[in-house]
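Novice: The following block contains a protein sequence and its predicted model.
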Amino acid sequence: MSNIKELHLSGEMSSSKESENIFFKNRFRPQLHYSPKKNWMNDPNGMVYYEGEYHLFYQHTPHDTEPDFDNMHWGHAVSNDLVHWEELPPAILPGEDGAIFSGSAVVDNNNTSGFFNENGSGLVAIYTNNSNSAQYGKPQVQSIAYSRDKGRTWTKYKGNPVLFPMKTLDFRDPKVFWHDESSMWVMALAVRDRIEFYISPNLKEWSFASEFGSDIAGIHRGVFECPDLLQIQVDEEPDITKWILILSVGDRNGVNPKDPEPPAGGSGMMYFIGNFDGRSFTLDDTLESLDAIRWIDYGSDFYAAVTWNGIPKEDGRKIWVGWLNNWRYATALPSKEWRGQMSIPREIQLKTYPEGIRLIQVPVSELSQLRKPIMSLQDLTIKPGSNILSDISTEKAEIIAEFEIGTAIEVGFKVRMSANQETIIGYNILKEELFIDRTKSNDIDFHPDFAAKHKAPMKPEHERIQLSIYVDWASVEVFGNKGKAIISDMIFPDLESRGLELYTLGGELKIVSLQINDLVSIWGNATF
């Protein structure tokens, strides 16, 4: 355990902006990722782009660092570039109708809801009320609220709830979008062991359309949560598209506890590729030929990710963030004033490989504005025992590397190093595995499952491997082979652990290219 005390600023604050940013200089505070100033945060909610702003709502307990499920709010932040965030007051508050659980938000461009002026538009949030008393014995219902001022204030619909469960207590996390072909709103809803789809012309009146997933073996270790359904181009070809269904799977209370757990244990995410006709989702694979679960992230800490609605067609990207945490130890994290952070925003795509179409993720291009170059190398061979990065000291960085497979049996980076601390991001050439080893990352004893080595299968491409690594004060996110293999893990090193090493074991390594950038804090902090 570290004995380093929390950082404090000395002297007078030169501006109110600096006074605000003192929240983001305490120990372990993410410098590249969104986190609230204080207290608890979990799932991203209501992701929507509207009139030049990206809205990030999230599950928030504003009065405690523990989740208070009876008093859950929608926290709120906005950004015009997906990088720098302004935290706003909580948007939708609990009341007699129950706590405000996860959900989504849409731009009602055509005023189908009737909440806005004629020919006007606004935002409508669709969320789960938990502990709602409208229907005896079934406390989870779906409700809506609307905003006429770009999300700053919200009015709950007087006709709430708008959707009641039919036969299960787990009935939550609506993701809603407009389906052009059918001219209807579509809702994907997590209902214990399945996803139920509902349709509506106006966001108020919903009809059951179909369900998916209850008859697929091997995917029911945890209760389904936070679904997303979206259409994506394949290989960036505008005339070739597929639908992808995203599921988050909880850590407990599953239908079949013997089913496989996520690769790193605890809570995790999976995806399915198929087609959607406005009412039902059908797999490309038959249920019998679904050979393996397709996991989205092989680290512990990427959960409940959902995409932004409303991104303009001229942009065309599908972008999401996930909760950088795991329910297995989320309430035990060693951060004190706050608990919970988001991943960096990622663009998701579908690419064709010899084994089929697969989901990939890449960091959004907007992150490049944070770069401050440290080093750039090309065509260099290194031998075991040498460290060409020994002069670099950094507590946050972007590392972009491409290696050519040589005689080495393992290659990689050691980040956030000191005499007795390190996090290893490596590639085992013999096993064809990408990994993060955080067993010596420092603060690991707050939960028995935290200290671990997490692995992702990843074959070389043309005898090369490519890594894009984002290192922050309390996390590492690794994108292997341009986003095909992902590992996201929290770490809690001392701030003084800033060493960096490029290593090779068992033989020589050829560096095709290596770029290392410092990344300026999104909160405007100086480097300590």
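Specialist: Structure's in. What do you need?
Novice: tell me, how many neighbours does Tyr204 end up with?
Specialist: You called it Tyr, but residue 204 is Lys. If you count neighbours by other C-beta atoms under 10 Å, Lys204 ends up with 18. C-beta here means a position set from N, CA and C on the backbone, and glycine is covered the same way.
Novice: Correct me if wrong, but it is in a helix.
Specialist: No: counting by DSSP: H, G, I helix; E, B strand; the rest coil, Lys204 is not found in a helix; it is coil.
Novice: what about it, distance to Pro493?
Specialist: Distance of Lys204 to Pro493, given as C-beta to C-beta, to the nearest Å: 50 Å.
Novice: go on, Ala408?
Specialist: 26 Å.
Novice: So for those two, which sits in the more crowded spot?
Specialist: Between Ala408 and Pro493, counting by other C-beta under 10 Å, Pro493 is the more crowded of the two (26 against 22).
Novice: low-confidence ranges in the stretch 51-200 of the chain?
Specialist: Residues of the stretch 51-200 of the chain meeting the criterion pLDDT under 70: none.
Novice: where do the strands sit along it?
Specialist: 53-61, 73-79, 86-92, 99-107, 123-130, 141-147, 155-156, 172-179, 184-191, 194-200 (DSSP state E, counting those that start in this stretch).
Novice: Ile399 is nearest to which of those?
Specialist: Nearest to Ile399, of all the strands of the stretch 51-200 of the chain, is strand 73-79, at 24.5 Å by C-beta to C-beta.
Novice: Okay, now the sheet partners of the closest one, with direction.
Specialist: Note on strand 73-79: by DSSP bridges, its sheet partners are strand 53-61 (antiparallel), strand 86-92 (antiparallel).
Novice: okay, the strands of the stretch 51-200 of the chain in a markdown table with distance to Ala217 and mean neighbour count next?
Specialist: What follows is the strands of the stretch 51-200 of the chain, written out as a markdown table (distance: least, C-beta to C-beta, whole Å; neighbours: other C-beta atoms under 10 Å):
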| stretch | distance to Ala217 | mean neighbour count |
| --- | --- | --- |
| strand 53-61 | 31 | 24 |
| strand 73-79 | 36 | 22 |
| strand 86-92 | 38 | 18 |
| strand 99-107 | 27 | 26 |
| strand 123-130 | 28 | 26 |
| strand 141-147 | 29 | 24 |
| strand 155-156 | 41 | 15 |
| strand 172-179 | 23 | 23 |
| strand 184-191 | 18 | 24 |
| strand 194-200 | 13 | 21 |
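Novice: For Asp445, find the nearest of those strands.
Specialist: strand 53-61 (25.1 Å).
Novice: Centroid-nearest residue for this structure?
Specialist: When C-alpha atoms, centre = their mean is applied to the chain, the residue found nearest the centroid is Gly322 (1.4 Å).
Novice: separation between Leu467 and Gln378?
Specialist: Separation of Leu467 from Gln378 (C-beta to C-beta): 16 Å.
Novice: Serialize the strands paired with strand 73-79 to a markdown table and add fields for distance to Pro67.
Specialist: As requested, those are exported to a markdown table (distance: least, C-beta to C-beta, whole Å):
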| stretch | distance to Pro67 |
| --- | --- |
| strand 53-61 | 6 |
| strand 86-92 | 14 |
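Novice: Quick one: closest of these to Ser214.
Specialist: With C-beta to C-beta as the measure, strand 53-61 is the member of the strands paired with strand 73-79 nearest Ser214 (26.0 Å).
Novice: strand partners of the strand ranked longest in the chain, parallel vs antiparallel please.
Specialist: Using DSSP state E, we find that the single longest strand of the chain is strand 237-253. With DSSP bridges as the test, strand 237-253 is paired with strand 222-234 (antiparallel), strand 268-276 (antiparallel).
Novice: okay, the angle between it and strand 184-191?
Specialist: Taking axes from the mean of the first three to the mean of the last three C-alpha atoms, to 10 degrees, one finds strand 237-253 and strand 184-191 inclined to each other by 30 degrees.
Novice: If you count neighbours, what's buried in strand 237-253?
Specialist: If you call a residue buried by 16 or more other C-beta atoms under 10 Å, then strand 237-253 has these buried ones: Lys242, Trp243, Ile244, Leu245, Ile246, Leu247, Ser248, Val249, Gly250, Asp251.
Novice: Which residue is the nearest non-sequential neighbour of the second one?
Specialist: By that I understand Trp243. Nearest residue to Trp243, sequence neighbours excluded (C-beta to C-beta, 6 or more residues apart in numbering): Phe276, at 4.2 Å.
Novice: quick one, what contacts that neighbour?
Specialist: The contact partners of Phe276, taken as C-beta atoms under 8 Å, 6 or more residues apart in numbering, are His179, Leu229, Gln231, Trp243, Thr282.
Novice: excluding its backbone neighbours, what's nearest Ile232?
Specialist: Setting aside the residues directly before and after it, Ile232 is nearest to Leu350 in space (C-beta to C-beta, 6+ apart), at 5.0 Å.
Novice: ok, that neighbour to Asp284 distance?
Specialist: 11 Å.
Novice: what touches both of these two?
Specialist: By C-beta under 8 Å, 6+ apart, the residues touching both Leu350 and Asp284 are Lys242, Ile273, Ile357.
Novice: Assumed the last one was part of a strand.
Specialist: When you say that, I think you mean Ile357. Yes: Ile357: assigned to a strand according to three-state DSSP.
Novice: Next one: it from Ile344, what distance?
Specialist: To Ile344, Ile357 is 24 Å away according to C-beta to C-beta.
Novice: In terms of neighbours, single out the busier of those two.
Specialist: Neighbour totals were compared for Ile357 and Ile344, and Ile344 leads with 25 against 16 (other C-beta under 10 Å).
Novice: related to what we said a few turns ago, for Ile311, find the nearest of the strands paired with strand 73-79.
Specialist: That would be strand 53-61 among the strands paired with strand 73-79, by C-beta to C-beta, at 8.6 Å.
Novice: what about dumping the CA coordinates of that closest one to PDB?
Specialist: The C-alpha coordinates for strand 53-61 follow below in PDB (Å, rounded to 0.1, in the frame of the first residue of the first chain):
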ATOM      1  CA  GLU A  53     -23.000  19.300 -27.600                       C
ATOM      2  CA  TYR A  54     -22.300  15.700 -26.600                       C
ATOM      3  CA  HIS A  55     -24.400  14.900 -23.500                       C
ATOM      4  CA  LEU A  56     -23.100  12.400 -21.100                       C
ATOM      5  CA  PHE A  57     -25.500  11.400 -18.400                       C
ATOM      6  CA  TYR A  58     -24.600   8.700 -15.900                       C
ATOM      7  CA  GLN A  59     -25.800   6.800 -12.800                       C
ATOM      8  CA  HIS A  60     -24.800   9.100  -9.900                       C
ATOM      9  CA  THR A  61     -25.100   9.100  -6.200                       C
END
